[in-house]
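K.L.:
Have a look; sequence and predicted model below, questions after that.
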Amino acid sequence: MIPEFSVVIPTYQQPALLLKCLDALSRQRLPRNQFELIIVDDANSPETASAVANFTRQVAQSGGALEIRYLGQPTWRGPAAARNRGWRAARGRFIAFTDDDCLPHPDWLRAALPGLQRGAQVLMGQLRLTLPDPSTDQPSQTLCFDTGELISANCFCRRSALERVGGFEEAFNFAWREDSDLQFKFIQAGIPISRCPEAIVVHPMREMPWYTPLANERKNYYDALLYKRHPELFRQRIATDRGLILQYYASVMGIAAGVMGGVAGNSVVATVGFGIWGALSANMIWHRLLDDNEDKPRLPYAILTALATPFLSVYWRLYGAVKYRVLYW
């Protein structure tokens with residue numbers, strides 16, 4: 001029997017979170033013979049393989065007729081490549097995508113099925129972000145992530161739609177902008193993206209290390225790739241804080257001018273350069289202090305991130321621009 005859905009879950013070294021996702025999927029109210037689960041393990045983690053095997057045995061022992069397939073990627077290639085391998089191996093009439101750190105509601109698949117049966121090519125469900133309560137380690141607030149963008153953590157596609165656009169672009173080997181690239185390819189191919197807010201996936205937000213905002217500046221590199229591939233749609237649909245970007249460039253140029261002026265013995269250039277950098281840095285520190293983050297040492301955190309962020313942001317933007325030979329704003 002051909003299942004209605006093939007649920008594709010890319011995963012990378014998160015077996016505990018993956019098991020929670022699989023448990024949620026095993027509780028779908030759609031009959032189990034109407035969907036299959038395809039886990040694509042990026043870089044072939046033995047812990048992940050063992051976790052999936054144990055979960056599969058538990059499902060079989062409980063008498064559930066749920067098909068679970070484990071596909072190991074020999075090397076790390078990123079979530080886009082993992083999703084492509086998953087949907088190309090799928091047997092279902094429709095492809096459902098979610099992530100290993102997400103929890104689909106019990107009616108997730110059942111809610112999406114009518115729209116797909118009526119002819120929808122691509123459906124986007126509703127993603128809910130659950131914020132933790134640090135005092136209890138329990139969710140304290142749920143926010144609806146209401147956006148017009150395609151979100152691979154909760155979307156459904158006909159196989160023909162994916163084949164028509166070639167699936168996910170695997171050059172996005174980091175979890176950033178691969179969703180937007182697929183969305184833009186659907187738009188350019190004239191494939192409509194419909195909404196299905198009843199198909200709900202919860203994404204529990206985890207406590208992240210203090211340096212996460214600095215590490216996330218790497219994402220600017222993938223913005224250059226997205227702009228290279230879809231310049232018009234990028235300008236129309238990707239929100240950019242151009243004023244902040246200008247501050248980053250001015251800050252980097254200011255300190256560069258200050259250093260060069262100091263080396264050259266030009267006190268005027270050095271004073272102006274360091275003055276611009278100092279003023280912009282003080283402004284960024286002040287704005288970070290206004291951000292109420294009681295879980296971090298506020299002043300040291302504000303100073304460090306304000307001083308480091310402009311250099312990281314400019315570096316990754318220039319790196320992407322050079323690699324992909326594109327000037328983007």
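P.N.:
Structure's in. What do you need?
K.L.:
Show me the shaky parts of this protein.
P.N.:
132-148, 292-297, 329 (pLDDT under 70).
K.L.:
just the helices in the stretch 201-329 of the chain please.
P.N.:
For the stretch 201-329 of the chain, the helices defined by DSSP state H, counting those that start in this stretch cover 212-215, 220-229, 231-237, 242-264, 267-290, 298-324.
K.L.:
The fourth one vs helix 220-229, what angle?
P.N.:
Helix 242-264 and helix 220-229 meet at an angle of 120 degrees, taking axes from the mean of the first three to the mean of the last three C-alpha atoms, to 10 degrees as the criterion.
K.L.:
likewise the last one?
P.N.:
An angle of 40 degrees separates the directions of helix 298-324 and helix 220-229 when computed by the same axes, to 10 degrees.
K.L.:
Single out the most deeply packed of the helices of the stretch 201-329 of the chain.
P.N.:
Highest mean neighbour count among these (mean count of other C-beta atoms under 10 Å): helix 220-229, with a mean of 22. C-beta coordinates here come from the backbone N, C-alpha and C atoms, glycine included.
K.L.:
re the thing from before, any chance of the helices of the stretch 201-329 of the chain in CSV, plus distance to Gln188?
P.N.:
Output for those, formatted as CSV (distance: least, C-beta to C-beta, whole Å):
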stretch, distance to Gln188
helix 212-215, 32
helix 220-229, 10
helix 231-237, 8
helix 242-264, 25
helix 267-290, 38
helix 298-324, 19
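K.L.:
Of these, which is nearest Thr56?
P.N.:
Distance to Thr56, taken as C-beta to C-beta, is lowest for helix 212-215 among these, at 33.4 Å.
K.L.:
So what touches that closest one?
P.N.:
Residues from elsewhere that reach helix 212-215 (C-beta atoms under 8 Å, 6 or more residues apart in numbering): 305, 308-309, 312.
K.L.:
roughly how far apart are Leu244 and Tyr315?
P.N.:
16 Å (C-beta to C-beta, to the nearest Å).
K.L.:
Could you double-check that Thr56 sits in contact with Ile68?
P.N.:
Yes: contact criterion C-beta atoms under 8 Å: Thr56 and Ile68 qualify, at 4.7 Å.
K.L.:
so Lys13 makes contact with Ala49?
P.N.:
Actually, residue 13 is Gln rather than Lys. No: counting by C-beta under 8 Å, Ala49 is not a contact partner of Gln13; they are 11.5 Å apart.
K.L.:
re the thing from before, nearest to Arg77, of the helices of the stretch 201-329 of the chain?
P.N.:
helix 220-229 (14.8 Å).
K.L.:
Compare the helices of the stretch 201-329 of the chain and report which one is nearest to Arg128.
P.N.:
The nearest among the helices of the stretch 201-329 of the chain, by C-beta to C-beta, is helix 212-215 at 21.1 Å.
K.L.:
As a check, name the ranges of all helices in the stretch 51-200 of the chain.
P.N.:
79-88, 108-117, 159-165, 178-188.
K.L.:
For Arg93, give its distance to Trp316.
P.N.:
For Arg93, the distance to Trp316 - C-beta to C-beta - is 41 Å.
K.L.:
same thing with Gly261?
P.N.:
From Gly261 to Trp316 the distance is 26 Å (C-beta to C-beta).
K.L.:
what do you get for Trp210?
P.N.:
Trp210 sits at a distance of 19 Å from Trp316 (criterion: C-beta to C-beta).
K.L.:
And Leu19, by the same measure?
P.N.:
34 Å.
K.L.:
tell me the residue furthest from the middle of this structure?
P.N.:
Gly265 (47.4 Å; C-alpha atoms, centre = their mean).
K.L.:
those strands in the stretch 51-200 of the chain, which residues are they?
P.N.:
Counting by DSSP state E, counting those that start in this stretch, the stretch 51-200 of the chain has strands at residues 67-73, 94-97, 103-104, 122-133, 138-145, 155-158, 193-204.
K.L.:
With respect to burial, which of those scores highest?
P.N.:
strand 94-97 (a mean of 27).
K.L.:
which helices and strands does it pack with?
P.N.:
Packing partners of strand 94-97 (3 or more C-beta pairs under 8 Å, 6 or more residues apart in numbering; DSSP states H and E): strand 5-11, helix 79-88, helix 108-117, strand 155-158, helix 159-165.
K.L.:
can I have the first one written out in CSV, keeping just the CAs?
P.N.:
Just to be clear, that refers to strand 5-11. These are the backbone C-alpha positions of strand 5-11, laid out as CSV (Å, rounded to 0.1, in the frame of the first residue of the first chain):
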residue,chain,number,x,y,z
PHE,A,5,2.7,10.9,3.5
SER,A,6,6.4,10.4,3.7
VAL,A,7,7.6,12.5,6.6
VAL,A,8,11.3,13.5,6.1
ILE,A,9,13.3,14.4,9.2
PRO,A,10,17.0,15.5,8.7
THR,A,11,19.0,15.1,11.9
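K.L.:
That's all I had, so thanks and see you.
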